[in-house]
Structures are given as structure tokens and as C-alpha cells.
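Undergrad: compute the structure for the input listed below.
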Amino acid sequence: MQTLHPNQQLPVYTLEPDEIAGNKNFRVYHFEGTLPNKSELLIPHRKDHYLIVLIRQADSRQWIDMTPYTLKNNTVYFSGPGHIIVKEGFKQLWSTGIAFTNEFLSLQENASLSKLPIIENPHDGHELALTEADLNFVEDILVKINAEYQKPGEWQQRMLTAHLTVLLTYLSRLYSEQYKERNHSAEKLLLKGFLTKINECYRELREVGDYASLLNISSGHLSEVVKIQSGKPAIKHIHERLVLEAQRLLFHTGHSLKEIAFDLGFSDTSYFNRFFKRETGVTPAVYRANIREMYH
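TA: Okay, the predicted model is just below:
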């Protein structure tokens, strides 16, 4: 049985050239009401490339390094090689993405791009809010990038680099503005440590006090810091991690509800059913039927 244990070797998805440009180091993605790829949905994985995505419309979540992000309309999301990504939602998506590899950045004319804040990501950020002016600027650059992407030739590489440089520089300015007040404070590091421990122990440990003991602090202090840093109660993070794994098992395996409940550490199926419905609004059986119907 596949699990999400942190010690397990996670799949690494490479940048696959498309039929238009055939570029193995650079790709443009367009989604117009498209469902997420079934093979990636609810499967933790890493990518071997950078990904900058403008979400125009979405109604789902994704996890980056086990932190959930509810996707917002007209917002940029970004990640790089090594980040653990899980696509949780199975709703339609309207977006444009730009993917590029370290090899692309290592080309002589692109070397300076690797030093930009959006690429180095010193604050572990993955989301950029856009004003209307920002959105118009980003949309315009994406149109230019897409036009060049579809015209292979001796000048394509230079033109893609030029437009990408403008896009990454602009987004880096937004990054610096939006993350300037954030730093790796003791509180931020505690939240990260808490999330890491959840990912390691969510099957066995269900109480905030259990994690406080692992982190050698009091339950009250952990709860206070987590609520301030994340905006959610500490127990909510534990429950969300359990739900994510339950969703994965319901979608990607044929195990019975009893087997899944036992695998996740629930004492009986009825308790698992109540927990899942409380957290998601539907029973495990209904969730399994709905998501499988979407991909039938």
C-alpha cells in the first residue's frame, strides 16, 4: 500500500516536452476548465523544475511542503524543485503556467535569474496577491511568452528569456513587498516543526498535547503560536492531514472503508465516517463515488 510517510521515496515528475515546441527545459501550460491530472491528484510528489502559475479561477486546494493553500482567483502560485506538492481538489481549473528547469536557468544569459527572490524564495512563500494593475501586467507578459513559445526558431530562446526575465523580475518585486515583514522567527520555525511532526506521526498522534511533548513545549504555547502564525487552531492541522490521506486512499485504492479506517488509526468505521463527514461535509462513501464519477 502506498502511504505518505516522509521517509518514503516520493515520485519526481520531470518536465515533459509538448508537441508544439518540444522544449525539454521550458513549457507553457494552459488549463481552460480542465480537471487535474488523475495520476497526480492526491499523490505527494516533487517536480524537477520551477513552476509559476496564474490561477484565474479555481475552487480547490493544493499542499506545498504539507501546508495547504486554498487557491484564490487572479493569484500567482509558485514552487521549485524539491518542494512536496499535493493537488487535493478535483474541480475545474482555469490557469496559465510557466515551467522551466535549472538547466534553463543555468544558460549563460539566464544566470542572473537564479538569484531573483521569486526563485531563491528565502521566506518559503508560495502565493502572490495581484492588484488589477499587476494582473494586467502579468497577463500581458504571459501572452507574449505564449506567442514566442509557439514559434520555434533561432530567436525563440532569446525572446523567451527576455520575456521571462521581465515576468520574474516583476514577480520578485511583488515577492519582496509582500514578504518583507516575514522572517524565520522562532514562532515561524515552531509552526514548520509542528507541521513536519504531523506529517510523520498523524496516524498515531491525534492530540495537540502529543505534538507539544515531541517539541518539548507546553500545549498552550504550541496552540497559541500555531493559531497566530497560521490562522487556524493546531488541532485543525492534524485533522486536515488525516483527511488528505483518507481522500488519497479512497481515490487511489480499492480498500474498504473498514480497511482505510484501520490504516488511519480509527477504532471503528463509524467513528471514521463521522470524522470524515464533519471535516468535509460528505461521507467517505459519497466522496469516493463523486470523485470516481468525475474521472470515469
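Undergrad: pLDDT wise, what is residue 205 at?
TA: pLDDT for residue 205: 95.
Undergrad: list the contacts for residue 14?
TA: Going by C-beta atoms under 8 Å, 6 or more residues apart in numbering, residue 14 touches 47-49. For the C-beta atoms, the positions are set from N, CA and C on the backbone; glycine is no exception.
Undergrad: switch the cut-off to 7 Å
TA: residue 48 (C-beta atoms under 7 Å, 6 or more residues apart in numbering).
Undergrad: state the distance from it to residue 222.
TA: Using C-beta to C-beta, to the nearest Å, residue 14 is found at 39 Å from residue 222.
Undergrad: try residue 141
TA: Taking C-beta to C-beta, one finds residue 141 at 43 Å from residue 222.
Undergrad: can you pull the contacts of residue 169?
TA: residue 116.
Undergrad: where does it fall, secondary structure wise?
TA: Element membership for residue 169, per DSSP states H and E: helix 156-178.
Undergrad: skip ahead from that helix and say which helix or strand is next.
TA: helix 186-201.
Undergrad: flag every buried residue along that following helix.
TA: 188, 190-192, 194-195, 197-199, 201 (16 or more other C-beta atoms under 10 Å).
Undergrad: other SSEs contacting the following helix or strand past it?
TA: Per DSSP H and E, the first helix or strand lying C-terminal to helix 186-201 is helix 208-214. With contacts taken as 3 or more C-beta pairs under 7 Å, 6 or more residues apart in numbering; DSSP states H and E, helix 208-214 sits against helix 186-201, helix 219-230.
Undergrad: with respect to residue 175, which of those helices lies nearest?
TA: Checking the helices and strands packed on helix 208-214 against residue 175 by C-beta to C-beta gives helix 186-201 as the closest, at 16.6 Å.
Undergrad: tell me the helices and strands packed up against the closest one.
TA: Helix 186-201 packs on helix 208-214, helix 219-230, helix 234-252, going by 3+ C-beta pairs under 7 Å, 6+ apart.
Undergrad: can you give me the buried ones in the second one?
TA: Right, helix 219-230. 222-223, 225-226, 229-230.
Undergrad: elements contacting it?
TA: Checking 3+ C-beta pairs under 7 Å, 6+ apart, helix 219-230 ends up next to helix 186-201, helix 208-214, helix 234-252.
Undergrad: want to throw these into CSV with distance to residue 34?
TA: CSV is the format used below for the helices and strands packed on helix 219-230 (distance: least, C-beta to C-beta, whole Å):
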stretch, distance to residue 34
helix 186-201, 29
helix 208-214, 38
helix 234-252, 18
